[in-house]
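Undergrad: need a structure here:
(one chain, ligands or ions: 1)
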Amino acid sequence: MFEKILIANRGDIAIRILRACKEMGIRTVAVHSLVDAALMHVKFADESVCIGPNRSSDSYLNMTAILSAAELTHADALHPGVGFLSENEKFASLVSANGVKFIGPKVEHLRMMGDKIMAKKTMADLGIPVIVGSDGEIKSVEDAADIAGASGYPVIFKAKSGGGGKGMKVAGSQEEIANAFEMAKAEAKANFGDGAVYMERYLPNPRHIEIQVIADTYGNVIHLGERDCSIQRNHQKLLEESPSPALSREKREEIGTIVRKAVKKLGYVGVGTLEFLYENGEFFFMEMNTRLQVEHGVSEEMTGIDIVKEQIKIAAGEKLTIKQSDVKFTGHTIEFRINAEHPETFIPSPGEITELHFPGGPGVRVDSHIYRNYTVPPYYDSLVAKIIIHAASREECIAKARCALDELVIEGIHTTADLHKKLIRNGDIVAGGFDINWLGRNLRSI
Ligand code: ADP
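TA: Purely as a prediction, here's the structure:
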């Protein structure tokens, strides 16, 4: 097992990883930007290194500074967390080249899944259902019009190197295609430095359902069921639950088995998530996230499996001791993302937290790094807490969630908590009848 892990991240996820390390008896190194010097994970870690100024590009994305921190502290492994450099193949290669174990998948899989066109092709070849669309990059409006004309409208343009819901544009008809194509390309270029886009059929009202997998170096693969992440704002997840109210046990087993087989054939190692759109009983693969996800806690609550510890053990070369038949799903889980954002406009709301009280009690898990008088900086992701509710049934989970959200006090900044309080009392949400566009359609009226 590793002796010392450097955690190349910040916020709640850095604390989550730190806790797993501590419980496993592994020493920890925190890294931080200037403004993050007083963060909890820095205080709790055995050692800490400042890796640069506040801007992410100068600190949490600064590969040289992070590699130097690892060398300086003699860390033998590095956990990249979520976002930042967690899916960056160059960084993973550099970490390995420096004799430090990158806690993540093989570089070839980071590369493959980072290219969304290649990811779709690979998964289709492995028997995973994908959405029909262009075979590869779309080079011209004419090509786009030809393909869309053959497969039918609406279509969506997506960035080959995309992420975070950016660089996607829908064309409802031939008249809209040139504009959508150019806009998607421009947004892709601006956000990812790569203007390449591909196209696929746009599903009008699907659900977003994703499958969590864990795979070891010996070809053992398990899945931890699904997470329904259909409640989204600007194509970004806001609330996640498991099991999905839309999925039967048979459907869960069917997709779980297909995914396990594909991941095994791929030779994938580590934790990962396959994201699907789900409509009329059919799954359509969108992408694979080759890292821990923000919402991993939902599957942990459902199965009792500590995904971060498993991830670390696998990176250290240990065999997965959990068999698929050992994975039991208990009760129901809903996660609420509390973002420092205005609950209606979703405009970031950094600033000082003047009052703070977190809910508690059985079945109420809070993953967060904030504290009273903490100032949410404007430089990073707006997530400040995840409230994860687990109960025996969906009904009980909703009741518990209402109480927990009512107990939550965060003053001084706007947060999405007020929106969640309304959502969890809304008839459609309570009935489980929603799709990825539900929030966009209903935001003004709930
Ligand atoms: P990103 O990596 O940017 O998050 P994804 O491919 O995972 O991009 O898509 C993000 C979200 O965009 C999905 O959860 C869904 O809401 C929407 N989306 C993506 N592709 C389609 C599609 N073909 N039809 C309808 N909605 C889509």
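
Undergrad: quick check: residues of the stretch 101-250 of the chain near the ligand?
TA: Residues of the stretch 101-250 of the chain lying near the ligand by CB under 6 Å from any ligand atom: 131, 156, 158, 162-166, 168, 200, 202-203, 206, 208, 232, 235. Yep, even glycine has a C-beta here, placed from its N, CA and C like the rest.

Undergrad: most neighbours among the residues you listed, which one?
TA: Ranked by the number of neighbours (other CB atoms under 10 Å), these place Lys158 first, at 25 neighbours.

Undergrad: can you list contacts of stretch 68-83?
TA: Stretch 68-83 has contacts (CB atoms under 8 Å, 6 or more residues apart in numbering) with 2-10, 13-14, 17, 21, 29, 31, 47, 49, 51, 66, 86, 88, 91-92, 95, 98, 100-104, 291-294, 311-312, 315-316, 381.

Undergrad: which ones among the residues of the stretch 101-250 of the chain next to the ligand lie within strands?
TA: Ile156, Lys158, Glu200, His208, Gln232 (DSSP state E).

Undergrad: quick one: the strands in the stretch 151-300 of the chain?
TA: 155-159, 169-171, 197-201, 207-215, 221-233, 236-242, 270-279, 282-289 (DSSP state E, counting those that start in this stretch).

Undergrad: adding mean pLDDT, write the ones you listed out as JSON lines.
TA: Converted to JSON lines, the strands of the stretch 151-300 of the chain look like this (pLDDT from 0 to 100):
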{"stretch": "strand 155-159", "mean pLDDT": "95"}
{"stretch": "strand 169-171", "mean pLDDT": "95"}
{"stretch": "strand 197-201", "mean pLDDT": "94"}
{"stretch": "strand 207-215", "mean pLDDT": "98"}
{"stretch": "strand 221-233", "mean pLDDT": "97"}
{"stretch": "strand 236-242", "mean pLDDT": "97"}
{"stretch": "strand 270-279", "mean pLDDT": "98"}
{"stretch": "strand 282-289", "mean pLDDT": "96"}
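
Undergrad: I'd guessed Ile322 sits against Ile305; true?
TA: Yes: contact between Ile322 and Ile305 holds when scored by CB atoms under 8 Å: they sit 6.4 Å apart.

Undergrad: shared neighbours, those two?
TA: By CB under 8 Å, 6+ apart, the residues touching both Ile322 and Ile305 are Ile214.

Undergrad: the more surrounded of those two?
TA: Ile305 (18 against 15).

Undergrad: related to what we said a few turns ago, which of the strands of the stretch 151-300 of the chain sits closest to Ile138?
TA: If you check each of those against Ile138 by CB to CB, strand 197-201 wins as the nearest, at 5.3 Å.

Undergrad: which strands and helices lie in contact with that closest one?
TA: On a contact count with 3 or more CB pairs under 8 Å, 6 or more residues apart in numbering; DSSP states H and E, strand 197-201 meets helix 116-125, helix 141-151, strand 155-159, helix 174-192.

Undergrad: quick check: neighbours of the shortest one in the sheet, parallel or antiparallel?
TA: Using DSSP bridges, the strands paired with strand 155-159 are strand 169-171 (antiparallel), strand 197-201 (antiparallel).
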